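>>> Next input, structure requested:
(4 chains)
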Number of protein chains: 4
Amino acid sequence: MIRDDDFIQSKDVPGPTKEEIRCLVMCKAQISSEDIVVDVGCGSGGLTVESAQRAKKVIALDKNPEAIELTSKNLIKHGLQRKVELVEGDALNLIENLPSFDVLIIGGSSGDLPLIISRGYQKLKTNGRIVVTSILLETRVEAVETFKKLGMTLEVVEVTVAKGKQMKRGTMMMGRNPITIITALNNKN
Amino acid sequence: MIRDDDFIQSKDVPGPTKEEIRCLVMCKAQISSEDIVVDVGCGSGGLTVESAQRAKKVIALDKNPEAIELTSKNLIKHGLQRKVELVEGDALNLIENLPSFDVLIIGGSSGDLPLIISRGYQKLKTNGRIVVTSILLETRVEAVETFKKLGMTLEVVEVTVAKGKQMKRGTMMMGRNPITIITALNNKN
Amino acid sequence: MIRDDDFIQSKDVPGPTKEEIRCLVMCKAQISSEDIVVDVGCGSGGLTVESAQRAKKVIALDKNPEAIELTSKNLIKHGLQRKVELVEGDALNLIENLPSFDVLIIGGSSGDLPLIISRGYQKLKTNGRIVVTSILLETRVEAVETFKKLGMTLEVVEVTVAKGKQMKRGTMMMGRNPITIITALNNKN
Amino acid sequence: MIRDDDFIQSKDVPGPTKEEIRCLVMCKAQISSEDIVVDVGCGSGGLTVESAQRAKKVIALDKNPEAIELTSKNLIKHGLQRKVELVEGDALNLIENLPSFDVLIIGGSSGDLPLIISRGYQKLKTNGRIVVTSILLETRVEAVETFKKLGMTLEVVEVTVAKGKQMKRGTMMMGRNPITIITALNNKN
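Next comes the predicted model:
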C-alpha cells in the first residue's frame, strides 16, 4: 500500500483515508484490471489512487473543488492521472449520467447516502460491489438498511486501529477513530 | 464520575485520566472508606481526586513539581485536599518509607515499573490491590511479569473507547488511545 | 464490582452484562441512595443487582419469565431482594403505570426502544438519567435520535474490551463484543 | 481476499487467519511476483495461500504435522500447491538452511520469536520485510525489541475487528480478538 505520508495533504480537505483502511477497502472492493470504479467523495484521493492502481478506469466525484484539485495532484504524483476522470459536483445528480460500473466506493455522501446507493445500484453491473466507509453512527445504519431493501448481500466490519509510536520509554499505542466498512454484492442478473 | 472538563488542566502535565478509564480503575481498585491509597505518578490528579472521594487517605506521588501543583489545585477544586498527602519525588525512593497501604495505583512509572511494583508489594496489606494503567506495549508486559513473579492473582483488561461527537450530519465516533488496566490482588497472609 | 462469575447464569437468558460494562453503566447512571431505578430488560440481573446496591429502590422488568426468575436468584444470592420489585411483562405497557423515577436503564428493548425511551422520559424526574446499552448498530441510532427529539443532553461512548487469558506461553487477549453506552440527562424543569 | 469459509478448517489446527487480518498482512508484506516468502507457523494455511497467490515461491513451516496436512489441502483447493514447499519441523532449526528470501511471515513461534526473527534476518534480502502477527501481549514486545536491536525500521499496528451479524432485530456487532501486526523493513545493504 501507499503510505499515508506519500499523499499530498491539505488542511481544507479530509483524508487521505488511512493506509490500513485503504487496504481493507481494496480487499473488499476486489478491483480487477477490467473494472470500472466510481469513487464518491474522493477527498484527498487516497482511495482514488489505490483504485486507479488496480482498475481499468476510475471516475472520482466530489462537490468540493479543492478535493478535486488535491486528488488530481495525488494522481499526478503517482502517475495515474490518465486512468481517472475527475468530476466536480453532486454525486446524487452525476451518478445517473455515468456509464455502468463494477465498483462503487462511497466515502463521503453529504447526507444523501441512501439515494446515492439506490441510484448507484441501478448502474451496478452484475456481480458488482458497493463499499461504504462510515465514520458516523447514522450512516452505518442508512447503508445497511438501503442494502437490505435492495436485496443485496451485505457485510459489516467495524475496524479500530491503534498505531505504535516509538517513544523514549517504549511503544505508545495511538488510537484512531473507528471506521465501519459496509460491503454489498449485486446478486441481480 | 467527575467529568473530564471538571478538572483543571495544563499543557505541561499529562492527564487527567479520561472519565471512563477513571471509572474502570475505581471499579478495579475497590476502594473503601477505610482504605489508604497510594497514587504513583498522579499527573493532573484525576485518579487522586477519585480515590480521595472514596478512601480514608491518599498519598499522591509525582516527580514533576508541576504535576504536584496541578493535583493540589484539583483537590482544592473538589474540596478533598485534607484527605491527600502530596509528595514530590521519585516513587522508587519514596515508596519504601511509606506506611503500609491497601491500594497502589500506578499511572506513571518513569521506566521503573517492576521495581515500583516490587517495593509497593512489600507495603501492601493483606487483600490489597495494585492497579496499573499502561499506554505502552512494554509496561503491560513488565506489569504482568512482575505480578506473576510475586505470585499475585492478576487480571489484564485492554479498553478502547470511542466517544460520539455531535456533528451537523450525525454522530462522529472519535477514537481514544487504548489503555490496558492490569490489576493484581495480594494473596499473602 | 461484582465479578462475572459471582452471578448465577443460564443458557436461556442473556447476560449478565460483563463487569467492565456494568462498571461503566453505574458510573454513567450516577445512582445515589435516594434514587429509584427502573431496569428494562433485566436479563440475568447484572445491572439490577448493581443498581440495588446503590439505589433506594429498583424496579426490574423483563418479558421473559426465565429472566425474572434468574434475576430473582441473583438478587437473593447478593442479599438484595428486598430492594427490588420484579415485574414480568412488556416494558412498553408497564412503564406508563410506574411511579416517577430517577434513573432508567435499558438493556433490552425488543424493538420498541424509541417508545420505551419516550414513555420513560415522561416518568423521569428532573435531573434524571436514561442509560441505554446497545449491541446493535440500529438501536444506537434509535437511542441517539430519540434523545435528540426529546431535547435531552446526550453522550455516546463505544467501549471495546479485551481480556487477558493466561496461557502457557503468555497473555492472550480475548476480544469481547463492542458495546455502545448512550446516556441522556433530563434538562426539563 | 479469500473468504474465511473458503478454507478447509480443522478443530485441531488454529486458523485460518481471519480475512481482514490476512488482508492487512498482505498489504504490509508487499509481496511481488518475484518474491520468495517464508511462512513460519502456517497453521491452516490462510497466509500461505494468500502469499502463494502473489509470490514466486512460498516455503511454509509448521511443527504440527496436522497443520502441514491442512495447509496442503487448502493449497490444493485453491490450485496453488505447485508454488509452495511445505516443511514439517521446528522453524528455529529449519530457517538456517533455507535460501535467502524477501518476506518472512511469522504467525506462530512456539516461544522462540526473538531467535526466529534474528535467524530469519540473516536470510533476509535487502529491502526484505518481516511481518509478525501477535495475539499475546508478550510476543508483541519481543518482536519490537528484537527488531530494534537489529536496527530495522519497524511499525506496530493493533487491529480490532467486529463483524456484523444480521439478527431479526438488527445488526449485532460480534467482537474478535485484537491482533497486533508488527512489520519490519531490512535497511542493510
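>>> does A:Leu61 have beta-bridge partners, and which?
Beta-bridge pairing of A:Leu61, defined through DSSP bridges, involves A:Val40, A:Val87.
>>> Test my guess that it contacts A:Asp39.
Yes. Taking contacts as C-beta atoms under 8 Å, A:Leu61 lies within contact range of A:Asp39: 6.9 Å. Using the backbone N, CA and C atoms, a C-beta is placed for each residue, glycine as well.
>>> Between those two, which is the more surrounded one?
Comparing A:Leu61 with A:Asp39 by other C-beta atoms under 10 Å in any protein chain shown, the one with more neighbours is A:Asp39, at 32 against 28.
>>> residues in contact with that one?
Counting by C-beta atoms under 8 Å, 6 or more residues apart in numbering or on different chains, A:Asp39 touches A:Leu47, A:Thr48, A:Ser51, A:Val58, A:Ile59, A:Ala60, A:Leu61, A:Ile105, A:Gly107.
>>> do A:Ala67 as well
So A:Ala67 contacts A:Val13, A:Gly41, A:Cys42, A:Gly43, A:Ser44, A:Gly45 (C-beta under 8 Å, 6+ apart).
>>> Show only the entries of the contacts of A:Asp39 found in helices.
The helices in this structure, assigned by DSSP state H, contain A:Leu47, A:Thr48, A:Ser51 from these.
>>> what's the farthest-apart pair in the contacts of A:Asp39?
A:Ile59 and A:Gly107 (13.9 Å; C-beta to C-beta).
>>> Next, the contact list for the residue in chain A sticking out farthest from the centre, please.
Outermost residue of chain A with respect to the C-alpha centroid, by C-alpha atoms, centre = their mean, is A:Arg169; its distance is 37.3 Å. Residues in contact with A:Arg169 (C-beta under 8 Å, 6+ apart) are B:Ser110, B:Gly111, B:Leu136, B:Glu138.
>>> what do A:Leu61 and A:Asp39 both touch?
Common neighbours of A:Leu61 and A:Asp39 (C-beta under 8 Å, 6+ apart) do not exist.
>>> which among the contacts of A:Arg169 are in contact with chain C?
Contacts with chain C are made by none of the contacts of A:Arg169, judged by C-beta under 8 Å from any C-beta of the partner chain.
>>> Can you tell me which of those residues is closest to B:Asn187?
The closest of the contacts of A:Arg169 to B:Asn187 turns out to be B:Glu138 (C-beta to C-beta; 26.0 Å).
>>> Skipping adjacent residues, who's closest to that closest one in space?
Distances taken as C-beta to C-beta, 6 or more residues apart in numbering or on different chains place A:Gly170 nearest to B:Glu138, at 3.8 Å, with adjacent residues excluded.
>>> Surely A:Leu104 touches A:Ser118?
No. In terms of C-beta under 8 Å, A:Leu104 does not count as a neighbour of A:Ser118; the distance is 11.2 Å.
>>> What segments of chain A are strands?
Assigned by DSSP state E, chain A shows strands spanning A:36-40, A:57-62, A:84-88, A:101-106, A:124-134, A:153-167, A:170-175, A:179-185.
>>> okay, the ones you listed in a markdown table with mean pLDDT next?
Conversion of the strands of chain A to a markdown table gives the following (pLDDT from 0 to 100):
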| stretch | mean pLDDT |
| --- | --- |
| strand A:36-40 | 98 |
| strand A:57-62 | 98 |
| strand A:84-88 | 98 |
| strand A:101-106 | 98 |
| strand A:124-134 | 96 |
| strand A:153-167 | 97 |
| strand A:170-175 | 97 |
| strand A:179-185 | 98 |
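>>> For stretch A:134-152, list every residue counted as buried.
For stretch A:134-152, a neighbour-count test (16 or more other C-beta atoms under 10 Å in any protein chain shown) marks A:134-147, A:150, A:152 as buried.
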